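>>> Provide a 3D model corresponding to the input given below.
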Amino acid sequence: MAATPTYGFPYPGTGDSPHGPNQIQALAVALEAKVTAMDADRVLIKELIKGYAAPAQTASGSLTTGVAVTLMTVAIPDPGFSYYILAGGSIGWAMTNATQPGFLCEGSITIDSATYNTNRLAGGFSPSLSVGAGFNQPTLIVPNKRSDAFTAFVGAHTVRLIVRNSGASQAMTIPASAVDTSLTVRIVPS
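Presented below is the predicted three-dimensional model:
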């Protein structure tokens, strides 16, 4: 039997003996295989557009000066193709003690690193004004960024939202399950 040039769908050629049922069955089997593969691609594309489920916050509490902690983690399983990562996040916090101007909260989104600012995809910082103890600070926004500075990724990787207290002497409090703390991650084929 002959076959179409693009997808290889079989059809009876001029030299084939006529056997309609077998020839139609061969075409139906080939079409079903192609439609099944297209369905799988459609599901994958839908998942890529949607992104990964919002991760649970894994750290909270008092964070003293100079200490960094991972707040959220997203594990990207091997999708079977090369890709870029898009990620952004935010961090909300409160002050344990009264502050002086210049207190600094820093955040970074890393790829395959649990160390602050290592393999950084995106980062940000937020200085505080002088406020009293127990006041909530503004939310630190770590901007959404695509990993074009890295080569395209293959295989499984891990994205983390890490926060660091870079203040001179004040402790900061990371609330548990804070509405302002988030990490969003998507991938796109390279």
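>>> May I ask you to confirm that residue 29 belongs to a helix?
Yes: according to DSSP: H, G, I helix; E, B strand; the rest coil, residue 29 belongs to a helix.
>>> Count the neighbours of it for me.
Neighbourhood size, residue 29 [other C-beta atoms under 10 Å]: 12. The way it works is simple: take the backbone N, C-alpha and C, and place the C-beta from them, glycine included.
>>> what's the answer for residue 142, then?
26.
>>> ok, it - contacts?
Each residue near residue 142 by C-beta atoms under 8 Å, 6 or more residues apart in numbering is listed here: 88-91, 107-109, 122-124, 161.
>>> neighbours of the closest residue to residue 61 other than its chain neighbours, just the number please.
Nearest residue to residue 61, sequence neighbours excluded (C-beta to C-beta, 6 or more residues apart in numbering): residue 174, at 6.3 Å. Residue 174 has 21 neighbouring residues, counting by other C-beta under 10 Å.
>>> surely residue 174 meets residue 164?
No: assessed by C-beta atoms under 8 Å, residue 174 is found out of contact with residue 164, at 11.2 Å.
>>> Between those two, which contacts overlap?
Both residue 174 and residue 164 are in contact with residue 69, where contact means C-beta under 8 Å, 6+ apart.
>>> Against residue 33, how distant is the residue nearest to residue 61?
Remark: distance between residue 174 and residue 33 (C-beta to C-beta, to the nearest Å) = 52 Å.
>>> again, but for residue 79
21 Å.
>>> More neighbours: the two, which one.
Set residue 79 next to residue 33 and count neighbours by other C-beta under 10 Å: residue 79 wins out with 16 against 13.
>>> Quick check: chain neighbours aside, which residue is closest to the more buried one?
Per C-beta to C-beta, 6+ apart, closest to residue 79 is residue 187, 6.6 Å.
>>> Alright, I will stop here.
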